[in-house]
Each structure stands twice: as structure tokens, then as C-alpha cells.
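**Q** Got a sequence here, can you build the structure:
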Amino acid sequence: MTYRFLKGHGTENDFVLLPDPDGTVHGDLSAERVRALCDRRAGIGGDGVLRAIRREDRWFMDYRNSDGSISEMCGNGVRVFARYLLDHEGASAPLEIDTRDGVKTITLDGDLVTVDMGTPAVFDTTKVTVGDVVHEALHVSMGNPHAVAFVDSLDEAGSLLTAPGHDEALYPEGVNVEFVQRRGEHHVAMRVHERGSGETRSCGTGACAVMVAAALADDAPRGTTYRVDVPGGTLRIVWTDGGRILMTGPAVLVAEGQTDL
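**A** Residues are numbered from 1 along each chain as shown. Here you go, the predicted structure:
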């Protein structure tokens with residue numbers, strides 16, 4: 001079977017997008033197909049797959065990590081998903097997108113895309129390890145789990161070829177681990193190991209979790225904008241007076257075509 005695909009990225013966190021309006025083209029999307037599509041040598045290449053399915057009055061973002069596992073949410077992915085709907089499906093902003101973490105509202109700021117990521121949940125501190133080094137981390141949920149560790153240098157994250165050690169009882173499905181270095185007032189940089197994908201150039205939900213952890217540590221007033229630098233670019237994130245997290249960043253479609261992978 002030959003089918004259509006698009007390729008896009010948000011701060012170089014890249015995705016294969018599969019239009020599937022009525023959910024019949026790809027059926028039960030298999031982990032094997034996701035892995036084939038995301039393969040950077042034998043496939044199209046990506047950190048994950050976004051499948052666009054129409055559900056009554058909204059589009060549903062069916063997101064899979066590059067290893068084929070299902071994830072609740074992807075902050076960079078939902079911006080790329082929105083760019084597809086705006087450019088190819090006649091959608092207009094503000095736009096509501098259904099995800100496994102509920103409905104996300106999208107607005108535009110020039111060429112940038114802003115997404116309301118919802119309300120964060122902050123839990124107790126935990127531990128993550130890189131080699132023999134133990135780092136204290138804050139457990140934050142943005143619909144998916146994160147462990148945020150502040151370090152003096154991002155080199156302390158190591159290669160991130162394998163997942164940092166973590167509390168498997170606390171995170172039975174795995175965890176996204178962010179290592180954060182302060183760069184200035186309301187300005188941080190991060191590296192991330194995404195569960196199911198490894199180290200990626202960016203993680204939208206991770207950047208939001210990092211902003212939450214930094215704002216709490218700084219006792220920053222609500223409404224303060226943080227700059228979060230990722231290897232693939234920059235995101236700007238606000239924790240509003242109403243308790244919502246608004247993330248703004250680019251979303252770019254770079255290719256489309258046909259594949260039989």
C-alpha cells in the first residue's frame with residue numbers, strides 16, 4: 001500500500017505526519033511501521049509519528065514515539081500538527097486539537113505557534129543517575145512524566161544514548177529526563193532524554209516542565225516569560241495567572257510525498 005506522508009519539525013524535534021482523516025488508511029498503526037518510518041537510514045526519519053484523524057468537530061493527534069510506543073502528549077508535535085491543519089486542511093486559528101492529554105488550544109503569533117499546554121502537576125523530588133552520579137530531580141507532569149535536574153554544565157548529562165537511571169516504581173512506563181543549566185535571569189538551557197526516542201533536539205513538554213521547575217525555584221511571579229534553549233532552537237514559555245502553561249515556538253513542514261513503508 002502506498003500512502004501520503006509529510007515531514008515537519010518544531011525546534012528540530014522532527015516527525016513523520018500521516019494524514020488519515022477517517023482512520024481507515026492505517027488502521028491499528030503498528031509499532032513496526034512506526035519504527036520503519038522513523039528509521040533515519042532506511043526510512044523517512046523522525047523522533048515520532050503524528051497521525052491526523054478527524055473526530056466529529058476536532059482533529060485527533062495520534063502520537064507514537066520512534067520505538068512505536070504510544071505517548072500521551074508531544075508539545076513540539078502538536079505545533080507541527082497544527083501547522084499541517086492550517087496549511088493543508090483549511091483550519092484557522094484559534095484551533096482546538098484533541099490529544100490523549102485532552103484538548104489543546106492553538107493560536108498564532110506571526111510565524112510562531114502558541115499552544116495552551118494545560119495545567120502542570122508538580123510532585124515530590126526524585127533521583128536520576130548518569131553513570132555513578134546521582135542528581136536530584138523534580139517530578140513534573142505535563143500530561144506525560146518528567147524528571148527535571150539542574151546541573152552546572154549540560155555535559156553532566158553524558159551522552160544520553162541510554163536512559164538515565166530512575167525510580168522504576170515511580171515511573172513504570174519510563175520518564176522523560178531533562179538536564180537544565182541556568183544561562184541568565186528567566187533563561188535556561190536544557191538537554192533531554194525522551195522515553196521511547198532517546199536524546200532529541202527538543203522536547204516541548206520537557207521545556208514546559210523545565211520552565212515550571214525553574215519558576216518554582218526562582219519564586220517567579222505568574223506571567224513571567226522564560227526562555228528555554230534546546231539544541232534545536234528556542235522556546236518561550238509562560239505560566240499564566242490562571243495556572244496554564246503557554247508555549248510558543250516554530251513549526252515547519254519541510255517535505256511531503258508518498259511511501260510504502
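**Q** dump the residue contacts of the residue lying closest to A157 once chain neighbours are set aside.
**A** If the residues on either side of it in the chain are set aside, A157 comes closest to F179, at 3.9 Å by C-beta to C-beta, 6 or more residues apart in numbering. (Each C-beta comes from the backbone N, C-alpha and C, glycine too.) Contacts for F179 were tallied using C-beta atoms under 8 Å, 6 or more residues apart in numbering; they are 135, 149, 151, 154, 156-157, 190-192.
**Q** swap in V49?
**A** With the criterion set at C-beta under 8 Å, 6+ apart, V49 makes contact with 15-18, 29, 34, 37-38, 63-64, 66.
**Q** Run through the stretch 151-261 of the chain and note the low-pLDDT ranges.
**A** Counting by pLDDT under 70, the stretch 151-261 of the chain contains no low-confidence residues.
**Q** Can you list the residue ranges for strands in it?
**A** Shown for the stretch 151-261 of the chain, the strands assigned by DSSP state E, counting those that start in this stretch span residues 165-166, 176-184, 187-194, 198-199, 225-230, 233-239, 245-249, 252-259.
**Q** With only the CA atoms kept, save the fifth one in CSV.
**A** Backbone C-alpha positions of strand 225-230 (Å, rounded to 0.1, in the frame of the first residue of the first chain) are rendered in CSV as follows:
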residue,chain,number,x,y,z
THR,A,225,8.2,34.6,30.4
TYR,A,226,11.1,32.1,30.4
ARG,A,227,13.4,31.5,27.5
VAL,A,228,14.3,27.8,27.2
ASP,A,229,17.1,27.0,24.8
VAL,A,230,17.2,23.5,23.4
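**Q** Other residues contacting that strand?
**A** Applying C-beta under 8 Å, 6+ apart, the set of residues contacting strand 225-230 from outside is 11-13, 183, 186-192, 201-203, 207, 210-211, 214-215, 220, 234-238.
**Q** what are the bridge partners for L138, then?
**A** On the basis of DSSP bridges, L138 is bridged to T125, V148.
**Q** for it, what are its contacts?
**A** Counting by C-beta under 8 Å, 6+ apart, L138 makes contact with 122-123, 125-126, 147-149, 213, 216.
**Q** Any chance of a ChimeraX selection covering the buried ones in these?
**A** Buried residues among those (16 or more other C-beta atoms under 10 Å), as a ChimeraX selection:
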select :126,147,148,149,213
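**Q** In JSON lines: the contacts of L138, plus distance to G102.
**A** Rendered in JSON lines, the data for these read as follows (distance: C-beta to C-beta, whole Å):
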{"residue": "V122", "distance to G102": "18"}
{"residue": "F123", "distance to G102": "19"}
{"residue": "T125", "distance to G102": "26"}
{"residue": "T126", "distance to G102": "25"}
{"residue": "A147", "distance to G102": "22"}
{"residue": "V148", "distance to G102": "22"}
{"residue": "A149", "distance to G102": "27"}
{"residue": "A213", "distance to G102": "22"}
{"residue": "L216", "distance to G102": "23"}
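**Q** Next step: the contacts of V49 restricted to helices.
**A** Taking DSSP state H, the ones among these that sit in helices are 34, 37-38.
**Q** follow-up on the earlier one: give me the subset of the contacts of V49 that lies in strands.
**A** Cross-referencing these against strands under DSSP state E gives 15-18, 63-64.
**Q** Domains of this protein: list them as residue ranges, please.
**A** Under the assignment named as automatic domain parsing, the residue ranges that make up the domains of the chain are 3-118+250-259, 121-243.
**Q** Just give me the closest of the contacts of L138 to A163.
**A** Looking at the contacts of L138 and their distance to A163, the nearest is A147, at 10.6 Å (C-beta to C-beta).
**Q** contacting residues around the closest one?
**A** Each residue near A147 by C-beta under 8 Å, 6+ apart is listed here: 126, 128, 137-140, 164, 166, 171, 175-178.
**Q** And S197, by the same measure?
**A** For S197, counting by C-beta under 8 Å, 6+ apart, the contacting residues are 47-48, 65-67.
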